[in-house]
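*Asks:* fold the following.
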Amino acid sequence: MERKERARIVGLVTNVINDLVFQGMLRKMANGKIRAFISDLDGTVGKRQLLISLLLFLGETFSDKKVAIRPLELAMRDYLDGKLIFPEVVSIALRVLPDAIRGMNYQAVEYLAREVARRDLLRTYQFPQAVLSCLTGQPVESRRLLLSITGAPQMVADHFCQALKFDVAIGCDYFIDSVGLFTGGRDETPAIRKAEVLKILSQDCGIDLDASIGMGDTMSDLPIFMATHIAHRWAINPKPELLATMRRNPDHNVVCVHDHHATGVQFFRALSNGGFYEVERKEFLPAELIEALPRLPSERPFP
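*Replies:* All right, here's what the predicted structure looks like:
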C-alpha cells in the first residue's frame with residue numbers, strides 16, 4: 001500500500017476515534033483499544049452497488065457522458081436478462097469510470113453522490129439496518145466504533161454511511177487536480193486490499209479485532225472471515241464463491257444471514273459435509289445485541 005493512502009486511512013479513522021472519545025461517546029477498553037463493527041456496504045448493507053448507481057445517474061444527468069456510460073447501461077440490461085453475472089457488470093463499471101468522471105468538477109459529482117445515497121438508502125437489508133440501529137443506541141461502556149470498508153467512492157460512502165449512522169467510512173479515493181477537477185484516477189485499496197486495511201486498523205488505529213464484529217458478502221470480504229480473528233463474523237446473503245469457501249472452512253465459525261423481504265431473515269452455519277444448519281441469535285450475536293435487537297420477520301422465536 002502506498003504511504004499516502006495508508007496515512008489517509010489512519011488520519012481518517014484516528015480523528016473520528018479521538019473526537020468520539022473526547023465527546024464521551026466512545027470508551028476504550030481496559031487494554032486501551034477500541035471495539036468496532038466493521039462492514040462492507042455494497043451488497044452487504046445496501047442491495048445496490050453504489051458506484052454503478054452513481055455512474056448510471058451521471059449518464060442520466062449529463063448528456064455529454066451518455067457515450068461513456070452506455071457500455072454499463074447495456075451490461076446492466078444483460079445482467080437483468082440473465083446474460084451476464086454481476087462481477088462482470090462491476091468490471092465494466094470500473095472500466096468506464098475514468099472517462100465518465102474525468103474533467104468533472106468535484107462539487108457536481110458530490111451533489112450526485114448525495115442523491116445516490118439518498119435513493120439507495122431505501123434499498124437496504126433488514127438485519128444490517130437493525131443491527132446498526134441497535135449499536136448506535138448502546139451505552140458508552142459497550143459502544144463500538146461503526147466503520148465501513150468499501151469499494152464505493154469516498155464521497156458516496158460518506159453520505160450513505162452518515163444516513164445509516166456509521167461513524168466513519170473508508171471508501172476509494174478519487175483523485176482531483178489542482179483546480180478541483182477529477183483526473184479519472186483512484187486508489188482501489190479499500191476495494192481490493194481489505195486485509196491490509198484491517199491490519200492498519202489493528203496496528204495503527206487501536207482497534208481490537210478480537211473484540212470486533214465483521215460483516216460482508218463477497219470474496220473481497222474474505223479477510224474479515226478467514227485472515228483475521230474478528231470475534232463475530234456474518235456473511236449477508238453471501239455470493240456463491242464465498243458460500244463455497246464457507247462450506248470448505250466450517251471451523252471459521254462464520255454465520256450466514258439469509259435476508260430477503262419476501263421470505264424474512266434466517267441464520268445458518270456451515271457443516272463439514274457441505275450442508276448448513278439454522279442457529280438462534282444467542283449462538284452468534286454479541287451479548288449487547290441478543291435482547292436489544294428486535295425480532296426480525298421469519299426469525300425463530302427467542303426466549
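
*Asks:* going by C-alpha atoms from here, please, whenever you check contacts or count neighbours.
*Replies:* Fine.

*Asks:* let me see the ranges of the helices in the stretch 51-200 of the chain.
*Replies:* Per DSSP state H, counting those that start in this stretch, the stretch 51-200 of the chain carries helices over the ranges 66-80, 86-101, 106-120, 126-136, 154-164, 189-192, 194-203.

*Asks:* which secondary structure elements does the third one contact?
*Replies:* Just to be clear, that refers to helix 106-120. Taking 3 or more Cα pairs under 8 Å, 6 or more residues apart in numbering; DSSP states H and E as the contact definition, the neighbouring helices and strands of helix 106-120 are helix 50-61, helix 154-164.

*Asks:* reformat the helices of the stretch 51-200 of the chain as TSV; add mean pLDDT, mean neighbour count and distance to residue 52.
*Replies:* Conversion of the helices of the stretch 51-200 of the chain to TSV gives the following (pLDDT from 0 to 100; neighbours: other Cα atoms under 10 Å; distance: least, Cα to Cα, whole Å):
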stretch	mean pLDDT	mean neighbour count	distance to residue 52
helix 66-80	95	17	8
helix 86-101	90	17	6
helix 106-120	92	17	10
helix 126-136	95	18	21
helix 154-164	93	21	11
helix 189-192	82	20	14
helix 194-203	93	17	20
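
*Asks:* can I get these in TSV with distance to residue 54?
*Replies:* Below are the helices of the stretch 51-200 of the chain laid out as TSV (distance: least, Cα to Cα, whole Å):
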stretch	distance to residue 54
helix 66-80	11
helix 86-101	10
helix 106-120	6
helix 126-136	22
helix 154-164	8
helix 189-192	16
helix 194-203	22
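
*Asks:* nearest to residue 243 among those would be which one?
*Replies:* helix 86-101 (15.4 Å; Cα to Cα).

*Asks:* doesn't residue 28 fall inside a helix?
*Replies:* No: counting by DSSP: H, G, I helix; E, B strand; the rest coil, residue 28 is not part of a helix but coil.

*Asks:* separation between it and residue 141?
*Replies:* 8 Å (Cα to Cα, to the nearest Å).

*Asks:* which of those two has more neighbours?
*Replies:* residue 28 (19 against 12; other Cα atoms under 10 Å).

*Asks:* can you pull the contacts of that one?
*Replies:* 21, 34, 35 (Cα atoms under 8 Å, 6 or more residues apart in numbering).

*Asks:* how about residue 272, what does it touch?
*Replies:* Contacts of residue 272 by Cα under 8 Å, 6+ apart are 247, 248, 249, 250.

*Asks:* and if we set it to 6 Å?
*Replies:* Residues near residue 272 by Cα atoms under 6 Å, 6 or more residues apart in numbering: residue 250.

*Asks:* got it, and residue 211?
*Replies:* Residue 211 neighbours (Cα under 6 Å, 6+ apart): 35, 231.

*Asks:* rerun at 8 Å
*Replies:* Contacts of residue 211 by Cα under 8 Å, 6+ apart are 35, 36, 230, 231.

*Asks:* if I read this right, the last one contacts residue 224, doesn't it?
*Replies:* No: counting by Cα atoms under 8 Å, residue 224 is not a contact partner of residue 231; they are 10.0 Å apart.

*Asks:* identify the contacts common to the two.
*Replies:* residue 214.

*Asks:* and those two? which has more neighbours close in?
*Replies:* residue 224 (27 against 18).

*Asks:* contacts for the lowest-mean-pLDDT helix or strand in the chain?
*Replies:* Using mean pLDDT, DSSP states H and E, the weakest-scoring helix or strand in the chain turns out to be helix 189-192, at a mean of 82. For helix 189-192, contacts defined as Cα under 8 Å, 6+ apart pick out 1, 5, 149, 150, 151, 152, 170, 171, 172, 197, 220.

*Asks:* which residues does the third one contact?
*Replies:* Residues near residue 149 by Cα under 8 Å, 6+ apart: 38, 39, 40, 41, 169, 170, 171, 190, 191, 194.

*Asks:* I'd like the helices and strands packed on helix 106-120 as JSON lines, with distance to residue 294 appended.
*Replies:* Formatted as JSON lines, the helices and strands packed on helix 106-120 follow (distance: least, Cα to Cα, whole Å):
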{"stretch": "helix 50-61", "distance to residue 294": "28"}
{"stretch": "helix 154-164", "distance to residue 294": "17"}
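
*Asks:* right, and those - which one's nearest residue 203?
*Replies:* Of those, nearest to residue 203 by Cα to Cα is helix 154-164, at 22.6 Å.

*Asks:* returning to what we had before: quick one: which of the helices of the stretch 51-200 of the chain is nearest residue 56?
*Replies:* Closest among the helices of the stretch 51-200 of the chain, using Cα to Cα: helix 66-80, at 6.8 Å.

*Asks:* may I have that closest one as PDB, with CA atoms only?
*Replies:* Extracted C-alpha coordinates of helix 66-80, given in PDB (Å, rounded to 0.1, in the frame of the first residue of the first chain):
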ATOM      1  CA  LYS A  66     -24.000   9.200 -22.200                       C
ATOM      2  CA  VAL A  67     -21.500   7.700 -24.600                       C
ATOM      3  CA  ALA A  68     -19.100   6.800 -21.800                       C
ATOM      4  CA  ILE A  69     -21.800   5.300 -19.700                       C
ATOM      5  CA  ARG A  70     -23.500   3.300 -22.500                       C
ATOM      6  CA  PRO A  71     -21.400   0.100 -22.000                       C
ATOM      7  CA  LEU A  72     -22.600   0.000 -18.400                       C
ATOM      8  CA  GLU A  73     -26.200   0.500 -19.300                       C
ATOM      9  CA  LEU A  74     -26.000  -2.400 -21.700                       C
ATOM     10  CA  ALA A  75     -24.300  -4.500 -19.200                       C
ATOM     11  CA  MET A  76     -27.000  -3.900 -16.600                       C
ATOM     12  CA  ARG A  77     -29.600  -4.800 -19.200                       C
ATOM     13  CA  ASP A  78     -27.800  -8.100 -19.900                       C
ATOM     14  CA  TYR A  79     -27.500  -8.800 -16.200                       C
ATOM     15  CA  LEU A  80     -31.200  -8.300 -15.600                       C
END
